[in-house]
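A.B. asks: pasting the sequence and the predicted coordinates here, then a few questions.
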Amino acid sequence: MGINKNKRGMVKLTPLAVSVFLALPVLAQAASVSIPGGKIVNVNGVPVININTANSNGISHNIYDQLNVDKEGLIFNNSAKDVETTLAGRIAGNANLAAGSAKIILNEVTSNNKSVIDGKMEVAGDKAHLIIANPNGITVNNSGFINTEKTTLTTGRADIKQGELKGYSVAGGTLGVKEITSDSPTEILARSVVVNGEIRADQLTVIAGNNYVNTKAQAIGTVTGSGAKNAYGIDITEVGGMYANRITLVSTESGVGVRNSGIVAGGAQGVAIDNYGRLVNIDAAITSEGNLSVRTNGSLNNESGTLRGIGKISIDTITHSINNSKAGNISSLSDIDISSGEFNNSNGKIMSNGQLVINTHNRILTNSGTANESVIHGGTVMLKTATLNNSKGRITGNSIVVESTVVNNASGAIDAINDVQLISAGNIDNSRGLIHSRQGQIEIAAQKAFSNRDTLSTDVNNSAAMGVQADAGDIKIIASSVNNMRGALNSTGSVIVESNSELVNVYGNISAMGNVILSSAAAIDNYSGRIHSDSTVFVDAASLANSSWKGMLVGKKGVNIELSGMLDNSTGLIVSAEGDVAVKVKALDNMGGILSGNNVDITSASNVYNVAGLINANKKLSINALSEIDNRYGDDFTNGFGSNINAGSLTGGIYGRDGISITARNVKNNYSSIIAEKGPLSLNVNDRIINDRGYMASLADMSIMTKSLKNNNGIIAAIGNLSIDVDTLSNTGSGSLSNNSAAGIISSAQKMDLLIKGNFTNSGWISAKGDAVISVAGKLTNNKSISADKALTIRAIDGFTNNMDIIAASDLIIDTNGSLTNAVAGKISGKVTNINVATDINNKGNVLASDELILNAGGTITNTSKMVTEGYASITAQTVNNSGNKASLGGSKGLVLEADKVIGAGTLVGL
């Protein structure tokens, strides 16, 4: 501090100064501190000001023309007695304080001179609130405050009313600081503050702007500013820093902000910044061992900067933007609460060990970057934005909640230990991204589209960590449309997907250890996709395409599909290893595909198309089609889809281990199979069944009801009873029974009951191990074989022509209202052969009976071959014509012949 000294080191006094001193408070004159009346002394090279007498409120009011402090420092003597000081050692007491020491030492400069402080200031004696007030400006180069209760540096004017300090009126002035050290609370009040060095204090309060500031360091009003305002109310340069247990920064002037290019470091009592302009913290740091609070009515630029707190961080920019890009860091060991406008966190980090809340008030939050350099992390993360751009970014936490109009997580990661909830009024894009929960569930709701494209890695386990992954919980997705093309949705719980339009899983993977529930108001496209559940798969949609041999829908415990349209499983796979499969559709296309389960129930409003396909039930199979079941070419299955899955000897067709029930308008089984391995087979078909070169078999009973049944070179076989009720039957055979090449077979290992409501020509083999009843409402023509190991009953209303074999091991009964013709190659044989004909019998072949032969004809019996029995024969007719050299008629044990006329030279046996 500059001091004018006499030879003895004392201040030179003038008479005027003496008189002023006796009448008024201290008045400083000239360029150095010179206190009239001997108020300033120099002790050991350190100036000492004997402050004015304190008023009743403890205020010592000292007025100066100029107040500067040199590097030696300055002592304000607040002791009436001799006292030890840090700067000057022991000094004499201040006679002005006989009534007591001051509580407030107010030092005001009333001239136009600025103050320069290059040294420390000490209060001798009792601690007091030290105030340096200079409206012209203050520059502090290297200072500190010793033994102060509190220190206030201000460019404002003190407001004293009735001897009491009310506050400060700050209209202008700049307060510049290079270095301040203080053990007590320190206040800096100025229109603008520039910090070019370090400020270290117990508590630091900086208030910038044209304010009225009360004694509690609160800007409670504004005053008319003098001069132009600076760009920043508080400006901390690169070499500047603030260090205090508690730091409060306030900049009130509109449009004038706070810039920190250095360090602001608060202790356990925290840092609070209240700013009416922008806050700039580029490549700088604001830290707190306690809470950190930032409120700014302007943008916050933390580019490459640090905002860090051990306690809670609260940031409110009043909907203005935040820039935390380029390695910007906002981190807290506690909670972070951010309210802002547009938020740019590109390649930045926001880290909280507690709850992290960001609300951008319908503006964009950008967390994009490169190589996952953009990170948002919290214990609980809650983000509310217009658009969340997390492209190549990373959001992690114990739990994560996002509410946004648009969520862009393309190539990004949203990773939580517990629950993840994404809610969007628009689209959610997770293309090549990750949405992951380790222990909780994932809920995704998008009013528009959800895309999870290109998240499926090339390996089965999806080790590339993309897609939607729930390690220990459910996944629920609700969207207008869902695109999982080449995507992965994997859960150890259930996966629930609801789409208001299409759901695309082309080359995708949807898998769960729990249920998979898929719902779509439009189509589900699973072309070459994989839908897998260790429990049950439920599908409810307009249509489902599960085509191509890679298209798989697997529910270990069951599959339930309900569609208003078509199920396309062509060359696809729908399987339940341990559960039932239920399919209710408008149409089913299983061409070259596999549909298999324990109990299988298929209902189609039109067709079931199973050409070269396989429909299999390990237990019961039921197929109900209002139109056609096309089961052709099952024998070609191994040349098609079966070759892709190494089906081996497995053939296509329709299989039901414990039974099959089929209801349809038409059934085609050409070159294919319908097999009930252990249970019954029931076919109730309105129009026709075509089994040309097909195989229909049951290891139990079989029941067929239709208008038309074609079994040309096919096989219909039942280990149990066989019942066929048709309007027309075509049974054409080929091959040989002896070498097992025969086809055109209708057989039963037990009873057989055939009802044909029209004419029937049999050109194949019809056989029963038990009794057989064949009823023909029209004419019966047998060109091959009809046989029974027990009784055989044939009723042909309009006549019967036999060109080959009619064989019964037990009783044989033939009834007709027409005639009976047995051709040359014809053989009619039974234990008891009983033939009743309303008109004529014409036999050119053999009519045989081992025990008894009964022939009743309403007309003529013509025999040119054999009609004989080893037992008794009973023959009744109007005329018997037994002509020809080979003709024989009768019974070895006797013949009863009743006829009006017997003619012919043939042999009558038994007479």
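C.D. replies: On my side now, so go ahead.

A.B. asks: helices along the stretch 701-850 of the chain, start to end?
C.D. replies: With DSSP state H, counting those that start in this stretch as the criterion, the stretch 701-850 of the chain has no helices.

A.B. asks: excluding its backbone neighbours, what's nearest L722?
C.D. replies: Once flanking residues are discounted, L722 sits nearest to S748: 3.6 Å by C-beta to C-beta, 6 or more residues apart in numbering. The way it works is simple: take the backbone N, C-alpha and C, and place the C-beta from them, glycine included.

A.B. asks: just checking, V581 is part of a helix?
C.D. replies: No. Counting by DSSP: H, G, I helix; E, B strand; the rest coil, one finds V581 to be strand, located in no helix.

A.B. asks: that one contacts N590, doesn't it?
C.D. replies: No. Using C-beta atoms under 8 Å, V581 is not in contact with N590; the gap is 11.7 Å.

A.B. asks: pLDDT below threshold where in this structure?
C.D. replies: 1-39, 371-372, 458-464, 637-651 (pLDDT under 70).

A.B. asks: what sits against D840?
C.D. replies: D840 makes contact with S819, L820, A857, G859, T860, I861, T862, according to C-beta atoms under 8 Å, 6 or more residues apart in numbering.

A.B. asks: so how far is stretch 533-544 off the chain centroid?
C.D. replies: Stretch 533-544 has its C-alpha centroid displaced from the chain centroid by 16 Å (C-alpha atoms, centre = their mean, to the nearest Å).

A.B. asks: pull up the distance across it, start to finish.
C.D. replies: 17 Å (C-alpha to C-alpha, to the nearest Å).

A.B. asks: circling back: V581 and N590 - which one has more neighbours?
C.D. replies: Legend: neighbour count by other C-beta atoms under 10 Å for V581 and N590, higher for N590 (30 against 27).

A.B. asks: state the distance from the more buried one to G555.
C.D. replies: Going from N590 to G555 by C-beta to C-beta, to the nearest Å gives 17 Å.

A.B. asks: also A99?
C.D. replies: As judged by C-beta to C-beta, A99 and G555 stand 96 Å apart.

A.B. asks: before we move on, what about S519?
C.D. replies: For S519, the distance to G555 (C-beta to C-beta) stands at 15 Å.

A.B. asks: which one's more surrounded, those two?
C.D. replies: Under the criterion of other C-beta under 10 Å, the comparison of S519 against G555 puts G555 first, with 29 against 17.

A.B. asks: residues in contact with the more buried one?
C.D. replies: V516, H532, S533, S535, T536, V537, V575, S576, G579, V581.

A.B. asks: beta partners of the spatially closest residue to it that is not a sequence neighbour?
C.D. replies: Leaving aside its sequence neighbours, G555 sits nearest to V537 (C-beta to C-beta, 6+ apart; 3.6 Å). Beta-bridge pairing for V537 (DSSP bridges): V516, V559.

A.B. asks: give the contact list for V537.
C.D. replies: N515, V516, I517, L518, I531, L553, V554, G555, G558, V559, N560, I561.

A.B. asks: mind running it again at 7 Å?
C.D. replies: Residues counted as contacts of V537 (C-beta atoms under 7 Å, 6 or more residues apart in numbering) are V516, I531, L553, G555, V559.

A.B. asks: what's the span of stretch 855-872, first residue to last?
C.D. replies: OK, stretch 855-872 end separation, C-alpha to C-alpha: 11 Å.

A.B. asks: now swap in stretch 757-777 and tell me
C.D. replies: End to end - C-alpha to C-alpha - stretch 757-777 spans 5 Å.

A.B. asks: swap in stretch 670-681?
C.D. replies: Stretch 670-681: ends 17 Å apart by C-alpha to C-alpha.

A.B. asks: report the buried residues of that stretch.
C.D. replies: By neighbour count with 16 or more other C-beta atoms under 10 Å, stretch 670-681 contains the buried residues N670, Y671, S672, S673, I674, I675, A676, E677, G679, P680, L681.

A.B. asks: now, these that are in strands?
C.D. replies: Counting by DSSP state E, the buried residues of stretch 670-681 place S673, I674, I675, A676, L681 in strands.

A.B. asks: start to end distance for stretch 455-473?
C.D. replies: 20 Å.

A.B. asks: what do you get for stretch 203-216?
C.D. replies: With C-alpha to C-alpha, one end of stretch 203-216 sits 13 Å from the other.

A.B. asks: residues touching that stretch, excluding its own?
C.D. replies: Outside stretch 203-216, the residues that touch it by C-beta under 7 Å, 6+ apart are 156, 165-171, 185-193, 217, 219-225, 233-234, 242, 244-253, 256.
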